[in-house]
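Engineer: Here is a sequence with its predicted model. Questions after.
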Amino acid sequence: MKDSCSSVSRLLEKYFDQEATSKERALVEAHLAGCPACQDALKWMGHCRDSLKVPIETALQKEDFERSWQNIRREIQIREKSSWRESIQSWLELSGLFRKKVWVPAVAVAAILVLLTTQVFFEEASFVALPDVEYVDSSYNVMVYPIERGKITVIWLFEGQEMEAPPS
Amino acid sequence: MNQDENELIFRCQKGDQDALKEIYDRYHDKVYRIAYGVVRHREESLDIVQEVFIKLFRSIGNFKGKSKFYTYLYRMAMNTAIDHSRKMYRVFSSSLDEEGAPQPSEMAEKGPDRILLHKELEEKVKAALDELPPDQKMAILFREVEGLSYREMAESMGCSIGTVMSRLHYGRKKIQELLRKYVKEEGRE
Amino acid sequence: MRRIPLVLPLGLILVLLFASTAPTQMNVRLRVIQASNIGRAVDPSLRDLHGQMGSLFNFTSYRLFRQDDLSLYPGLPTSIQVRPGRYIEVTLVQEYREGAEVRIRVILEGKDILNAMVRLSPGRTVLIGGPRHAGWVTIFALSPARY
């Protein structure tokens, strides 16, 4: 029984946590039927769990989470207001510098407009030109068939040397 | 990841507070359980819940979907609760009038001795939990209180399943040793 | 007050810039098809694909196992279970005017059997099939949806 206890004790927690495989479960249950020590160990695991859980559930029932939510909402709004105020303030302080060099904001606006136009143009040109599959990574053999006629791209996984689906 | 949760996360990332409220409704009790498991104090647990959801709203833009949302939230809740417990110093009183005391209907068949034993046992378990290193405490709370699977715990804790099992094992061993010692000393077994 | 005129047009341009490039959601249609050489039945809802699949593959039977219209949000994976232990996970990576980049993972028993980055554009379909399993093959058909 002692040898059996030491081999089962490793599985006892898995069994208690319902993480044991069916084979492990059968082994533990067969052992438990005739081992008071392991039955006691299992019982203690249950005591510990209950001692942890019960006070938490009791406290949970008593809380007013709607009021808690109102506090969260209020706090978020306070923080948002102060961050808006700070960013406008810092912008206004900064724009004092711009007054001395009027061309700086004009250049900034022009640069943004150029960036916006270029990005839109580049995006369209680049997207249309590229194939449908950018990369493929697989533990199987892979074939990629672009079929323009049907506007379909096929990614095919297969085992071994032989292709499962020859292209048309 | 389910569709409507993705939509909530997306909206929250855009600053939609109604989406945050829906996330709060789904998860506030889970966050509370973790918080209370660590600090064992109602007011502080509520403070932690509030702090977690405020933090979440500010940082949800960093959530990239690499892990499941609830493991991300659980990790945030646990770290916030542990940080909170380090900062605060509290004195426990073992009055039977305190929150967490068993309800009379639950203990109908037990006399004052058994009620005291129950309450003291809970405090012993809490004291034992406080002695555990943070990673073992986290494992115990995720498993015993939240009922996460080993895989979910591994994702929440950023470690392997083997490490999860090891932390659980040593955490439980420590708690049980203290409990058995207490019961033996008090001659109440 | 002289500062405000500088702020307004710049702010407007910045808003336009970010609005045009800000990621939004994308709707896709995912069809899970079971193909085999048992019988000659072709699911009526697969007519749009059957013509192509018939010329591409050697199967005689195509059954629509499930169809899902998915809303994809940037960076947030959506998983569909095909059978216990087998999933397809789709993530919107980047949306463009003409379509989107989407990451696709096919997971079997906890392991990635496929990890691909594809571009979906209107009118085009990506089919992912194989390997064979017990005499039939699962084919995923992914295309942008308009609904």
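Structural biologist: Thanks, I have the structure now.
Engineer: what sits against residue A:136?
Structural biologist: A:142, A:144, A:155, C:114-116 (Cβ atoms under 8 Å, 6 or more residues apart in numbering or on different chains). The C-beta positions use only the backbone N, C-alpha and C, and glycine is treated the same way.
Engineer: you'd agree it is in a strand?
Structural biologist: Yes. Assignment of residue A:136 by DSSP: H, G, I helix; E, B strand; the rest coil places it within a strand.
Engineer: Three-state assignment for residue B:65, please.
Structural biologist: Going by three-state DSSP: residue B:65 is coil.
Engineer: and it, how many neighbours?
Structural biologist: For residue B:65, the number of neighbouring residues by other Cβ atoms under 10 Å in any protein chain shown comes to 19.
Engineer: and chain B, which of the contacts of residue A:136 contact it?
Structural biologist: Taking Cβ under 8 Å from any Cβ of the partner chain as the test, chain B is in contact with none of the contacts of residue A:136.
Engineer: can you pick the most crowded of these?
Structural biologist: Neighbour count (other Cβ under 10 Å) singles out residue A:155 as the most crowded of those, with 23 neighbours.
Engineer: hang on, the earlier thing: which one among the contacts of residue A:136 gets closest to chain B?
Structural biologist: residue C:115 (13.6 Å; Cβ to the nearest Cβ).
Engineer: so what's the closest one scoring on pLDDT?
Structural biologist: pLDDT recorded at residue C:115 is 94.
Engineer: How about residue A:153?
Structural biologist: Confidence score, pLDDT, at residue A:153: 89.
Engineer: The residue lying closest to it once chain neighbours are set aside and chain B: what is the separation?
Structural biologist: Spatially, and ignoring its direct neighbours in sequence, residue A:153 is nearest to residue A:132 (4.1 Å; Cβ to Cβ, 6 or more residues apart in numbering or on different chains). Separation of residue A:132 from chain B (Cβ to the nearest Cβ, to the nearest Å): 23 Å.
Engineer: and whichever residue of chain B sits closest to chain C, how many neighbours does it have?
Structural biologist: Going by Cβ to the nearest Cβ, chain C is nearest to residue B:10 of chain B, at 3.9 Å. By the criterion of other Cβ under 10 Å, residue B:10 has 22 neighbours.
Engineer: repeat for residue C:44
Structural biologist: 8.
Engineer: do the one 4 residues further on as well
Structural biologist: Other residues within reach of residue C:48 by the criterion other Cβ under 10 Å amount to 12.
Engineer: Could you do residue B:179 as well?
Structural biologist: Other residues close to residue B:179 by other Cβ under 10 Å number 18.
Engineer: With the one 5 residues further on instead?
Structural biologist: Neighbours of residue B:184 under the rule other Cβ under 10 Å: 10.
Engineer: That one: which element?
Structural biologist: helix B:161-186 (DSSP states H and E).
Engineer: before we move on, back to that, so what's the backbone phi/psi at the residue of chain B closest to chain C?
Structural biologist: Backbone torsions of residue B:10, given as degrees, to the nearest 10, read phi -60, psi -50.
Engineer: Could I get the average pLDDT for the helix or strand in which residue A:109 is found?
Structural biologist: Under the criterion of DSSP H and E, residue A:109 resides in helix A:103-129. Mean per-residue pLDDT for helix A:103-129: 67.
Engineer: Any idea how many residues pack against the residue nearest to residue B:28 when sequence neighbours are not counted?
Structural biologist: In this structure, residue B:28 finds its nearest non-sequential neighbour in residue A:65, 5.1 Å apart by Cβ to Cβ, 6+ apart. Number of residues near residue A:65 (other Cβ under 10 Å) recorded here: 16.
Engineer: Am I right that residue A:65 is in contact with residue B:26?
Structural biologist: No. Contact criterion Cβ atoms under 8 Å: residue A:65 and residue B:26 do not qualify, at 11.6 Å.
Engineer: how much space between the spatially most central residue of chain A and residue A:112?
Structural biologist: In chain A, the centroid-proximal residue (Cα atoms, centre = their mean) is residue A:137; its distance is 21.0 Å. Residue A:137 sits 38 Å away from residue A:112, taking Cβ to Cβ, to the nearest Å as the criterion.
Engineer: quick one on the thing from earlier: among the contacts of residue A:136, which two are most distant?
Structural biologist: A:144 and C:115 (13.7 Å; Cβ to Cβ).
Engineer: Pull out the buried positions in stretch A:35-44.
Structural biologist: By 16 or more other Cβ atoms under 10 Å in any protein chain shown, the buried positions in stretch A:35-44 come out as A:35, A:38, A:41-42, A:44.
Engineer: In helices only, show me those residues.
Structural biologist: A:38, A:41-42, A:44 (DSSP state H).
Engineer: Please tell me the pLDDT value assigned to residue 85.
Structural biologist: Because you didn't say which chain, this covers chain A. At residue A:85, pLDDT is 71.
Engineer: wrong one, chain B
Structural biologist: Residue B:85 is assigned 86 on the pLDDT scale.
Engineer: list the contacts for the residue nearest to residue B:28?
Structural biologist: Contacts of residue A:65 by Cβ under 8 Å, 6+ apart are B:24, B:28-29, B:32, B:49.
Engineer: make it 10 Å
Structural biologist: A:72, B:24-25, B:28-29, B:32, B:46, B:49 (Cβ atoms under 10 Å, 6 or more residues apart in numbering or on different chains).
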